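Enquirer: Could you look at this predicted model? Sequence included:
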Amino acid sequence: MTKVVKRGVFGTLVIGIILGIILWGGFNTAMEWTNTESFCISCHEMEENVYQELKETIHFTNRTGVRATCPDCHVPKEWVHKIVRKIQASNELYHKVLGTIDTPEKFEAKRLELANNVWRAMKKTDSRECRNCHKFVSMDLDKQDSRSADAHDPHYWEAVDGNSPTKTCIDCHKGIAHSLPAGYDPAADATNEG
Amino acid sequence: MKKSITILLMVMATIVFSSSAFAGVEFLRGNQELMDPAKEPDQKKQQVVQGGFERSYKIQPPMIPHKIDKEEINMKVNTCMKCHSEKTYEEKKAPKAGDSHYVDRDGKVLETVSSRRYFCNQCHAPQVEANPLVENTFIGAK
């Protein structure tokens, strides 16, 4: 190789690396920006309905002042799952443009369907986003009320012994961060705790 | 002269009597002046009691022996029925809502809780460890 060609290769490499950092960094920054609560509630659909409900729950107001934001529960932390979820979100943008849920009444009419979508996704992933914070290995059942401890006990041992879980968080803990939809019957929910 | 003496006496008498009348009265607010800011009430936790509370009289709606701050009772949903319904009470080892709760106003027996008994906490209340502000000699019927 001549000196000129060598220098060309080296130059391309350096430019490529710099461009890569800028592009990748930019992409990541932009994606993280869409992963903030202020971005989520910049749409009135989210701000006026689900966000107001969240504020009343333990995931927003509690003894310790630690709180969950929208993406903590609704966007996966792992890169691949996160990208998949972000691509799925284009459907949400489409319905934002259509105005599918742009009034509280429209939202209320769709709530059962939307809630079912989230519940199905959480069931499928074994409540992955819950478990980013809530881990059985760190859960002290002795510090829980007897009702909670009794209900958690079999699933605690499944997790500790490494057996496959028979139930997942969302099976019992529906409607903990937002109001439950009309048409959901807690008594008839067969997967419900126990 | 006589008149002013009478008025003076009357005023003095009023002061003496009214102050003596108040002297024996204790207020619930204690030594707090009327215009002072109110004392902060004690923080009280809801009681969790295994096996539930004793009833004080025969037809008393049972009191709730656990926390209910995460339950939701509104037009759309009633999460108490997660455990206390006819479908789930056995599995959850929870008391089932009484039979009277399944009867509507026409005396018809329904399959689910009647709408007039739907809002549990209209009659059933959770309890906190709060001492009565005044002495109370009530003893429940056994």
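Expert: Structure's in. What do you need?

Enquirer: what's around residue A:86, how many residues?
Expert: Look at residue A:86: counted by other CB atoms under 10 Å in any protein chain shown, it has 14 neighbours. Glycine gets a C-beta too; all of them are placed from N, C-alpha and C.

Enquirer: That one contacts residue A:31, correct?
Expert: Yes - at 6.5 Å, residue A:86 counts as touching residue A:31 under the criterion of CB atoms under 8 Å.

Enquirer: gap between residue A:125 and residue A:111?
Expert: Separation of residue A:125 from residue A:111 (CB to CB, to the nearest Å) stands at 22 Å.

Enquirer: next one: stretch A:105-121 to chain centre, how far?
Expert: Here stretch A:105-121 is found 15 Å from its chain centre; the criterion is CA atoms, centre = their mean, to the nearest Å.

Enquirer: does that stretch come close to chain B?
Expert: No - shown here: stretch A:105-121 not in contact with chain B (CB under 8 Å from any CB of the partner chain), separated by at least 8.6 Å.

Enquirer: quick one: contacts of that stretch?
Expert: Defining contact as CB atoms under 8 Å, 6 or more residues apart in numbering or on different chains, one finds that stretch A:105-121 is touched by A:45, A:49, A:74, A:99-101, A:170, A:174, A:178-184.

Enquirer: How about the residues of chain B by chain A?
Expert: Near chain A, when you scan chain B using CB under 8 Å from any CB, you find B:48, B:50, B:66-67, B:70, B:72, B:74-79, B:81-82, B:85-88, B:91-92, B:112.

Enquirer: For PyMOL, write the selection for the buried entries among those residues.
Expert: One line in PyMOL is enough to select the buried ones among the residues of chain B next to chain A; burial here means 16 or more other CB atoms under 10 Å in any protein chain shown:
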select buried, chain B and resi 66+76+77+78+79+81+82+85+86+87+88+92+112
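
Enquirer: ok so, going back, which of the contacts of stretch A:105-121 tops the neighbour count?
Expert: Among the contacts of stretch A:105-121, residue A:174 has the most neighbours (other CB under 10 Å), with 24 neighbours.

Enquirer: Am I right that that one is in a strand?
Expert: No - checked against DSSP: H, G, I helix; E, B strand; the rest coil, residue A:174 lies outside a strand; its state is coil.

Enquirer: show me where pLDDT drops low in the chain?
Expert: In the absence of a named chain, chain A is used. The model of chain A has pLDDT under 70 over residues A:1, A:190-194.

Enquirer: wrong one, chain B
Expert: B:1, B:15-24, B:142.

Enquirer: So what does residue A:80 have for phi and psi?
Expert: Residue A:80 adopts backbone torsions of phi -60, psi -50, taken as degrees, to the nearest 10.

Enquirer: sorry, that was for residue B:139
Expert: phi -120, psi 130.

Enquirer: likewise residue B:46?
Expert: The phi/psi pair for residue B:46 (degrees, to the nearest 10) reads phi -70, psi 140.
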